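coords below, sequence missing:
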Ligand code: TEU
Ligand code: CA
């Protein structure tokens, strides 16, 4: 079915991606097949049964394209080539066939706000002002003409320094919202848009089922590129994401490409508040299907600094996001990805005595909220943040770039404490497959150290243990398939102010109760509900129910069948 058929969306058939469970693979860290310390595509192919057994419907693969890896593949040198370290196009085709044979679909990462500075377009573009590729990128004179005065405006880059770099060949500056090695494409140029549509068709024709679109709201720039105010400079993503032509570009992309295939498109909506995101996913408008919204995972993150969160604030965000999606949209549910801390370290309790229980609670949250769940690799095991000991232990360019920007204004100890809590490398340590050397990820030296807790937290152990996080996820994903209330039912927070219990109703028939703390709680459901019993949970520790009262041991959860009394 093409999206153009959705003329009357409320009556239209339900799209497949609403019922799907999505699993994100960060290929560099998933499985190394040849001992060079870097995860690769044959490694993914070898582990497809892990995903199948878990119940995954869709894999989102972080970038697998040819890249010099300034930002681990989010700097693409050739969109039609596979990164040599990851394998060949034949390896990709084999992986895709293996997914299809198991009834899974693949979406790939479309990184088209920017390319690598080593992309052939940029290599040409920087040569001269009249090069045919000049307008593929955004070139400007400095503030006071071509030879001086500093950058054209005061935009900051996310990985440190200004968002402009002066180029020797012509003296002009080029724009880059991220690193200097990631020049931004000029979406005002119709040739650029045509090139992007073409490369999208290249992968769709191979059989991929759509795209996660990297910082897609940033493609439309602000007319005239005016300076930011001091407040805007502290969170420039809100300006970068609100260029006026974004909706035009997305609708054109839909008409030109996506309408001709059966796809899922997920936009990374960094900098888009929930009410603005509604327009991006309104099925009547023909833009995106889903967006990834950062309000929850960034609720306690302020630039490089980690602040704090409370359960009532978290619950308020869930209610707000559920309301904001509107009747023509659909939410995504996630608590971690390759840019954010591990969910169990962020929102759970990663003390070894509690890590499994709290990981189960958080995975229950992801899998029982209203929307399409996205699990990040290792989350199904309760993988934790890594015990980085010094700034040298980090690989991520963001850690070094921000440290340069701070230029001694905070102590190294304070900066390190924050990077340990929220640095992106926490989520990028390799998958923990076994208790063996390097967690079974590689026979060589891993590109980023494996978390030493692999001896205790690994897939092999958990597959064999019925009460593991992995088996909890498997069982809940399977159970979810049979529950229309979980997949599609309404959402109602039963107790927004409770400091330790998160209790919500899904549809008419279910209540999910999560204990977000170590203490056992006795929780009374509202009198208007009759509890018919536990439908999902581990009976020995969870969900002892007497009348309206459910008793939950520390960090446990339960799903109850209810009726309106
Ligand atoms: O992320 C954009 C984004 O939201 C983050 O990089 C954010 O700026 C940063 O984590 C704040 O701490 C996407 C990709 O997911 C990320 O991996 C890339 O580095 C980035 O775009 C550039 O392509
Ligand atoms: Ca490898």
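Arrived safely. Since the structure is predicted, the reported quantities are computational estimates derived from the model, not experimental observations. Residues are numbered from 1 along each chain as shown. Ligands and ions are numbered 1, 2, ... in the order given.

tell me the helix or strand right after the helix or strand of the chain with the lowest mean pLDDT.
Counting by mean pLDDT, DSSP states H and E, the chain has its least confident helix or strand at strand 544-546, which shows a mean of 85. Sequence order places strand 549-552 as the next helix or strand after strand 544-546, per DSSP states H and E.

packing partners of the helix or strand just after that next one?
For strand 549-552, the following helix or strand on the C-terminal side (DSSP H and E) is strand 557-564. If you count contacts as 3 or more C-beta pairs under 8 Å, 6 or more residues apart in numbering; DSSP states H and E, strand 557-564 packs onto helix 355-368, strand 510-515, strand 529-536, strand 549-552. For every residue, glycine as well, the C-beta is placed using N, CA and C.

would JSON lines of those with mean neighbour count and distance to residue 73 be doable?
What follows is the helices and strands packed on strand 557-564, written out as JSON lines (neighbours: other C-beta atoms under 10 Å; distance: least, C-beta to C-beta, whole Å):
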{"stretch": "helix 355-368", "mean neighbour count": "25", "distance to residue 73": "25"}
{"stretch": "strand 510-515", "mean neighbour count": "23", "distance to residue 73": "35"}
{"stretch": "strand 529-536", "mean neighbour count": "16", "distance to residue 73": "38"}
{"stretch": "strand 549-552", "mean neighbour count": "20", "distance to residue 73": "42"}
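
tally of neighbours for whatever residue of the stretch 301-450 of the chain ends up closest to ligand 1?
For the stretch 301-450 of the chain and ligand 1, the shortest gap (C-beta to the nearest ligand atom) falls at residue 339, measuring 3.9 Å. Neighbour count for residue 339, taken as other C-beta atoms under 10 Å: 21.

any chance of the helices and strands packed on strand 557-564 in TSV, with distance to ligand 2 and mean pLDDT too?
Supplementary listing: the helices and strands packed on strand 557-564 in TSV, determined by distance: least, C-beta to the ion, whole Å; pLDDT from 0 to 100:
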stretch	distance to ligand 2	mean pLDDT
helix 355-368	28	98
strand 510-515	39	97
strand 529-536	39	93
strand 549-552	44	93
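
mind putting the ones you listed into JSON lines with distance to residue 131?
As requested, the helices and strands packed on strand 557-564 are exported to JSON lines (distance: least, C-beta to C-beta, whole Å):
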{"stretch": "helix 355-368", "distance to residue 131": "48"}
{"stretch": "strand 510-515", "distance to residue 131": "57"}
{"stretch": "strand 529-536", "distance to residue 131": "61"}
{"stretch": "strand 549-552", "distance to residue 131": "65"}
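
turn these into TSV, columns for distance to ligand 1.
Formatted as TSV, the helices and strands packed on strand 557-564 follow (distance: least, C-beta to the nearest ligand atom, whole Å):
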stretch	distance to ligand 1
helix 355-368	18
strand 510-515	27
strand 529-536	33
strand 549-552	34
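
beyond the top helix by length along the chain, next helix or strand please.
In the chain, taking DSSP state H as the definition, the longest helix is helix 190-206. Next helix or strand after helix 190-206 toward the C-terminus (DSSP H and E): strand 210-213.
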